[in-house]
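1. only geometry, no sequence info:
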């Protein structure tokens, strides 16, 4: 205790140890219960907020830990962008597009009106933010559920994954617009137009210039065979677009996602003998992303649920969040597909919803009540679909197997 | 510019972009000149300190960046520990031990007296720190030079690597003792004894308990097959021992090194399908370690060299640093080995010397002059040996080839 604090990093080490251990414990329990790991990390954060002694709690509110958490959210969206393939998205076609649109519009409208009805003193901007938060679909969780259930190759799965990706893009534009409105404080059509224009211009310019130049720049630099160059280039791309997005008035994560979309493994084909960008980012993500989720959970103030109004609102909005995504399964014409599976698979909000909520909290639009409600919505919409989906897919498989009567290799 | 700074992470993004780009540029240039990458990163930091506009300079002095740099030094020593195999060390035997001892004692004595003669106003503690800084041998740079020159399998190389590792351990104990003296401010035998005892007790207990328990704990946890568990366990081990080292009054990096020594890939044999701990740590190290070196260079105040006394001291101490390691090649009896190669290979101070200097600066023992001198010593002792070693090894190879007359496959 005497000399230990001469090195300022020791305080950070305590915070990191608490966060990493809690995150791992949470994700181990999640994994044993066959739930997405993110759930365990969130609950670990909520638990820390309840149970940790006050002196350790203050160490988690440290600036450097907040920066690490923010870097975690940036790395996460960069990873999601990397995993997203624009060409595959185009191939899944119109069905995904309609599912995505219905899956954005219905939750938005329902979220806006329901939150206003249930908590009468909300501002218009807060209601819009609540609606926007409900539009997100978690690519990560959706993909993982299908992967776990060996269902990745079915048409339903491909439609949902395409829709989840389009949702990400639409959601991030909505987040940009809504944050812009919140920061500027006005709601007139002109500024909405300006912000949308800025968002679309940023995405268009960065994606356009990115696709045009990234391959060439990376190829030129491949001449200098330096260890670690590939990862550094990826991080520089991610951080620069995050910064530029912030300069354009958007959220940093919008830029990180765009950087992930732009970077394609094929650009790095001259960097032989090294792992792929996704594999190189993964350890950094394993380190930083749990910090983001634990801190997100940690910021939930459970005492707001002592107010019955808030508790009821959380449950009603969670139900609405599920139903409003469920209908997206019926958004397209055609037959032979299990629309219920598509609808249920669209429900998980996961990390993107949380990123919306924490962005809203950082700007000051979302208050403690709405923040707590959002986390509950995310927890419930992430917890319940995998259970339902498992039963649906198993009964669907046995239904399909018996009429056909034939075995496939 | 208007709304961009609403998210506090944007400022950090600017700093990270400057640091990562400068580091990569520096290491690309180093690599082209066939020099160790760490040199380029250091020089990049020194250049930033000279050339960057003041407003951007202040952003590099940010607390969060300092924390990332400290984490970088912790991750680096953890990596060095991971690469170090205690059994191999024992096998190289007594020769390495004598080389290490002479390579610690001579530089320490020379550093202590020379710095006192060249800069008369130094305190005893500052002189001890200067001596201690010169004792370090960089395992990383030494290993890399041999690897680059395809000389890793020769007896000379194995003796040097063993000695470099023993030097690391001795050096870290010396650092612990010296830091303890510096923090407590007194130099009496009793407190030196107490600090040495604490350092040895910490290393003994953590290594003893670590080797006894780590394998079992890791095996038990392998039952819970959770993605990312392996990396998290490694980080938790690294951060806890770093923290405990600080609590025992030692430097955090001593704990990180101990954690690296303890963790052995064989403990993780039940974590199938994942990369090794070293491979998992590497991307995190690629991200954080350059931040440490750039910030280390950035903190060099070149204006101290306007003082001729300091400039002369830097050059004389650099020369002494080289000669005092060179003699270690003659530390053992026996024949048939190229002692000059061993002596020259022991010269590079590299990262460990810098870690000494920045630890000394953090405690306030090393002033701007000594810090700048240390960085110059590190730069020169890291820059020159690879050049000499290349020539020595090439002429040694041709000498050995001609008398034998036979070709080996």
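-> Sure thing, it's come through. Nothing here was measured: the structure is a model prediction, and the numbers come from that model.

2. Surely residue A:239 touches residue B:20?
-> Yes. Contact criterion C-beta atoms under 8 Å: residue A:239 and residue B:20 qualify, at 7.3 Å. In short, each C-beta sits where N, CA and C put it, glycine included.

3. Compare neighbour counts for the two and give me the winner.
-> residue A:239 (27 against 22; other C-beta atoms under 10 Å in any protein chain shown).

4. so after the helix or strand harbouring that one, what's the next helix or strand?
-> For residue A:239, the enclosing helix or strand under DSSP states H and E is helix A:229-247. Using DSSP H and E, the helix or strand that directly follows helix A:229-247 along the chain is helix A:252-262.

5. on contacts alone, who are the packing partners of the helix or strand just after that following helix?
-> Using DSSP H and E, the next helix or strand after helix A:252-262 towards the C-terminus is helix A:277-298. Packing partners of helix A:277-298 (3 or more C-beta pairs under 8 Å, 6 or more residues apart in numbering or on different chains; DSSP states H and E): helix A:9-32, helix A:37-51, helix A:63-83, helix A:229-247, helix A:350-363, helix B:229-247, helix B:277-298.

6. got the angle between the helix holding residue A:239 and helix A:277-298?
-> Angle, helix A:229-247 to helix A:277-298, by axes from the mean of the first three to the mean of the last three C-alpha atoms, to 10 degrees: 50 degrees.

7. So helix A:229-247, near chain B or not?
-> Yes. Using C-beta under 8 Å from any C-beta of the partner chain, helix A:229-247 reaches chain B at A:229, A:231-233, A:235-236, A:239-240, A:242-243, A:246-247.

8. rank the helices and strands packed on helix A:277-298 by mean pLDDT and give me the bottom one.
-> Mean pLDDT per stretch puts helix A:350-363 lowest among those, at a mean of 78.

9. can you pull the buried residues of the next helix or strand after that one?
-> Going down the chain from helix A:350-363, the next helix or strand is helix A:368-404, by DSSP H and E. For helix A:368-404, burial by neighbour count (16 or more other C-beta atoms under 10 Å in any protein chain shown) applies to A:369-383, A:385-386, A:388-389, A:392-393, A:396.

10. Helix A:368-404 near chain B anywhere?
-> No. Residues of helix A:368-404 are not located near chain B by C-beta under 8 Å from any C-beta, the shortest gap being 15.9 Å.

11. Repeat that for stretch A:146-162.
-> No. Counting by C-beta under 8 Å from any C-beta, chain B is not contacted by stretch A:146-162; separation bottoms out at 11.6 Å.

12. and that stretch, average pLDDT?
-> Per-residue scores along stretch A:146-162 average to 75.

13. which residues touch stretch A:104-119?
-> Here stretch A:104-119 makes contact (C-beta atoms under 8 Å, 6 or more residues apart in numbering or on different chains) with A:122, A:126-128, A:130-135, A:167, A:170-171, A:174, A:309-310, A:312-313, A:316-317, A:320-321, A:323-325, A:327-328, A:369-370, A:373.

14. I'd like to know which of those are buried.
-> A:122, A:126-128, A:130-135, A:167, A:170-171, A:174, A:310, A:313, A:317, A:320-321, A:324-325, A:327-328, A:369-370, A:373.

15. Tell me which of those fall in helices.
-> Here DSSP state H is the test, and the buried ones among the contacts of stretch A:104-119 give A:126-128, A:130-135, A:167, A:170-171, A:174, A:310, A:313, A:317, A:320-321, A:324-325, A:369-370, A:373 as lying in helices.

16. Please list the residues of the stretch 51-200 of chain A that sit near chain B.
-> Counting by C-beta under 8 Å from any C-beta, the stretch 51-200 of chain A sits next to chain B at A:63-64, A:66-68, A:70-71, A:74, A:180, A:183-184.

17. how does it look with 7 Å?
-> Neighbours of chain B within the stretch 51-200 of chain A, by C-beta under 7 Å from any C-beta of the partner chain: A:63-64, A:67, A:70-71, A:183.

18. farthest-separated two in those?
-> Using C-beta to C-beta, those span at most 25.0 Å, a distance reached by A:64 and A:183.

19. what about the two, which has more around it?
-> residue A:64 (23 against 16).

20. need the contact list for the more buried one.
-> Going by C-beta atoms under 7 Å, 6 or more residues apart in numbering or on different chains, residue A:64 touches A:12, B:63-64, B:67.

21. Spatially, which residue comes closest to the residue nearest the centre of chain A, not counting chain neighbours?
-> Central residue of chain A (C-alpha atoms, centre = their mean): residue A:352, 2.2 Å from the mean position. Leaving aside its chain neighbours, residue A:352 sits nearest to residue A:136 (3.8 Å; criterion: C-beta to C-beta, 6 or more residues apart in numbering or on different chains).

22. got the contact list for the one you found?
-> A:167, A:171, A:349, A:352-353, A:356.

23. ditto for residue A:368
-> By C-beta under 7 Å, 6+ apart, the contact set of residue A:368 is A:301, A:304.

24. any idea how far it is from chain B?
-> To chain B, residue A:368 is 19 Å away according to C-beta to the nearest C-beta, to the nearest Å.

25. Could you do residue A:322 as well?
-> 27 Å.

26. host element of the closest residue to residue A:135 other than its chain neighbours?
-> In space, and not counting its chain neighbours, residue A:135 is closest to residue A:104: 4.5 Å by C-beta to C-beta, 6+ apart. Residue A:104 is part of helix A:94-118 when elements are defined by DSSP H and E.
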